[in-house]
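Colleague: let me see the structure of the following:
(one chain, ligands or ions: 1)
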Amino acid sequence: MFSKLYLELERELRYNKRAAEAVENKIHRLFIEYSGREGVERLKIMDFCGTHEWSITYYGLRSLMPRGLELVAGPGCPVCVVPSHYIEEAIKLSFEGVVVYAYGDVYKLRAKRSVKGAFSLSEARSLGADVRVVQDVLSAARDASSHGKPSVFIAVGFETAAPAYAWAILRDHLPGNLKLLSLVKLTPPAMFYSLEVSREKPTEPPISGVIAPGHVSTITGAKAWVPVAENYGIPVVVSGFEPLDVLVSILEILRQLVAGRAEVVIEYKRSVSWHGDVKAQSAVNRVFEVVDDAWRGIGFLPKSGLRIRDNYRRHDAIAEYGVRELKPGMWEKDMPPGCRCAEVVLGKAYPTHCPLFMKSCTPLKPIGPCMVSIEGTCAIWARYGSREFLDELAREIGEAS
Ligand code: SF4
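Modeller: Numbers count the residues shown, from 1 in each chain. As a prediction, this is how the structure comes out:
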């Protein structure tokens, strides 16, 4: 399995192999220099975005890191952090005769509590509710206008998804019978929170650098991460998603650590600018207001969600159907029993630390939210493995070094 991952990496990097080797060697040299000078044995870098975690795991990049340099995933999977409460509300709507549109991973997401026997929208559908899987909001709009029944689209995503929802409203693409349930989240507050909690446990090294999300930054601009570098004094590199992008970003973080700098650098220059997509930002600001919002397993984070403004409430499922908003007083831990997803999304645990991983919780039968979406860390590790997973297997079969 290990050699298969390496072959995949080689295939992907066949034009860049020498560059990748040079970067890998420099990463090792700089890590030795930094850890020797600072007297640290372990160093954590957070890859915030689910797609970065996918690249790192799929291409086996952890296996190229020096021992002691850990790449930990962050809360960058928008499906993983949808509170159970809103899945329950959507299931309820579906049983009340509303056609519910959802992305494929939201469709499979399990709530903590069942509603009329259904823990997920897929189970609601199997019990007779009209739940439809779509790939985007415009597909839902076309379908809803063809039947005219009361309908709701569950609008999940980060800053990257928000402009499509905003333009669907501003350009009048939504039929009157289709409302949006906006569960869009903003990523910087979650990054701040991840960095805070990484400092809580004195026995664990704090996060010393961040690989910032490339797609989100295309919209927000790299400037969104300046408070991370300034307030936490750590390097932030906005990275692309090819394996070489990620390796170069890790190298840049180490360069800055060795030089004692903490800056925001754009590695993903072919897509990201400093100020981002100003038109998209303005469309989002017109349609949505920023609210304190709940993240599954984490709780309420200030100014971390988007809700539809009053001017556009005719498109808002919350206004139309009285969907109950989750309030801080109602917050309770909303993970299924035994699931450690709340720690996984904060980089405090690896999927292999969860006793349910690949036992009762698998991609085919997910229990926790991180096992559902292709951007969920548990789902990625389940499909493509990791050095920790391989080490564990090696120990089990007595091949550990
Ligand atoms: S393996 Fe499943 S149950 Fe365990 S943390 Fe991941 S999603 Fe949760």
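
Colleague: closest point of the chain to the ligand, which residue?
Modeller: Taking C-beta to the nearest ligand atom, the ligand has its nearest neighbour within the chain at residue 368, 2.3 Å off. C-betas here are computed from N, CA, C, even on glycine.

Colleague: now that residue. Nearest residue, chain neighbours left out?
Modeller: Nearest non-adjacent residue to residue 368, counting by C-beta to C-beta, 6 or more residues apart in numbering: residue 339, 3.5 Å away.

Colleague: coming back round to it: against residue 173, how distant is the residue of the chain closest to the ligand?
Modeller: Here the criterion is C-beta to C-beta, to the nearest Å. By it, residue 368 lies 34 Å from residue 173.

Colleague: can you check residue 288 too?
Modeller: 16 Å.

Colleague: so what touches the lengthiest helix in the chain?
Modeller: For the chain, the longest helix by residue count, based on DSSP state H, is helix 17-38. Contacts with helix 17-38, where a contact means C-beta atoms under 8 Å, 6 or more residues apart in numbering, come from 9-10, 13, 40-41, 43, 64-66, 68-69, 243-244, 247-248, 250-251, 254-255, 257-258.

Colleague: can you do 6 Å?
Modeller: 13, 64, 66, 69, 244, 247, 248, 250, 251, 254, 257, 258 (C-beta atoms under 6 Å, 6 or more residues apart in numbering).

Colleague: got CSV for those, with secondary structure and neighbour count too?
Modeller: Formatted as CSV, these follow (DSSP: H, G, I helix; E, B strand; the rest coil; neighbours: other C-beta atoms under 10 Å):
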residue, secondary structure, neighbour count
13, coil, 18
64, helix, 21
66, coil, 15
69, strand, 22
244, helix, 20
247, helix, 28
248, helix, 21
250, helix, 29
251, helix, 21
254, helix, 26
257, helix, 23
258, helix, 15
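
Colleague: which residue sits closest to residue 161 in space, ignoring its chain neighbours?
Modeller: In space, residue 161 comes closest to residue 184 once its chain neighbours are excluded; the distance is 6.4 Å by C-beta to C-beta, 6+ apart.

Colleague: tell me, how many residues neighbour the one you found?
Modeller: Residues near residue 184, counting by other C-beta atoms under 10 Å, number 24.

Colleague: that older thread, phi, psi for the residue of the chain closest to the ligand please.
Modeller: Main-chain torsions, residue 368, degrees, to the nearest 10: phi -100, psi 160.

Colleague: and residue 288 and residue 173? which has more neighbours close in?
Modeller: Between residue 288 and residue 173, residue 288 has the larger neighbour count (other C-beta under 10 Å), namely 22 against 15.

Colleague: against residue 169, how distant is the nearest residue to that one once chain neighbours are set aside?
Modeller: Residue nearest to residue 288 in three dimensions, not counting chain neighbours: residue 306, with 3.9 Å by C-beta to C-beta, 6+ apart. According to C-beta to C-beta, residue 306 and residue 169 sit 12 Å apart.

Colleague: those two: who's more crowded?
Modeller: Remark: of residue 306 and residue 169, residue 306 carries more neighbours, 27 against 22, as counted by other C-beta under 10 Å.

Colleague: where do the domain boundaries of the protein fall?
Modeller: For the chain, the structural domains run 2-77+194-266, 84-186+276-330, 341-386, going by automatic domain parsing.

Colleague: and the pLDDT for residue 111?
Modeller: Note for residue 111: predicted pLDDT of 95.

Colleague: need the contact list for it.
Modeller: 84, 87, 88, 119.

Colleague: just after the host helix or strand of residue 294, pick out the following helix or strand.
Modeller: Assigned by DSSP states H and E, residue 294 falls within strand 288-295. Next helix or strand after strand 288-295 toward the C-terminus (DSSP H and E): strand 299-308.

Colleague: could you list every helix and strand in contact with the next helix or strand after that following strand?
Modeller: Using DSSP H and E, the helix or strand that follows strand 299-308 in sequence is helix 317-321. Judged by 3 or more C-beta pairs under 6 Å, 6 or more residues apart in numbering; DSSP states H and E, helix 317-321 is in contact with strand 178-182.

Colleague: and of the contacts of helix 17-38, the nearest to residue 141?
Modeller: When these are compared for distance to residue 141 (C-beta to C-beta), residue 244 wins out at 38.8 Å.

Colleague: tell me the most buried of the domains of the chain?
Modeller: Ranked by mean neighbour count under mean count of other C-beta atoms under 10 Å, these are led by domain 341-386, which reaches a mean of 22.

Colleague: list the contacts for residue 170?
Modeller: By C-beta under 6 Å, 6+ apart, the contact list for residue 170 reads residue 283.

Colleague: let me see the backbone angles for it.
Modeller: With angles defined as degrees, to the nearest 10, residue 170 sits at phi -70, psi -30.
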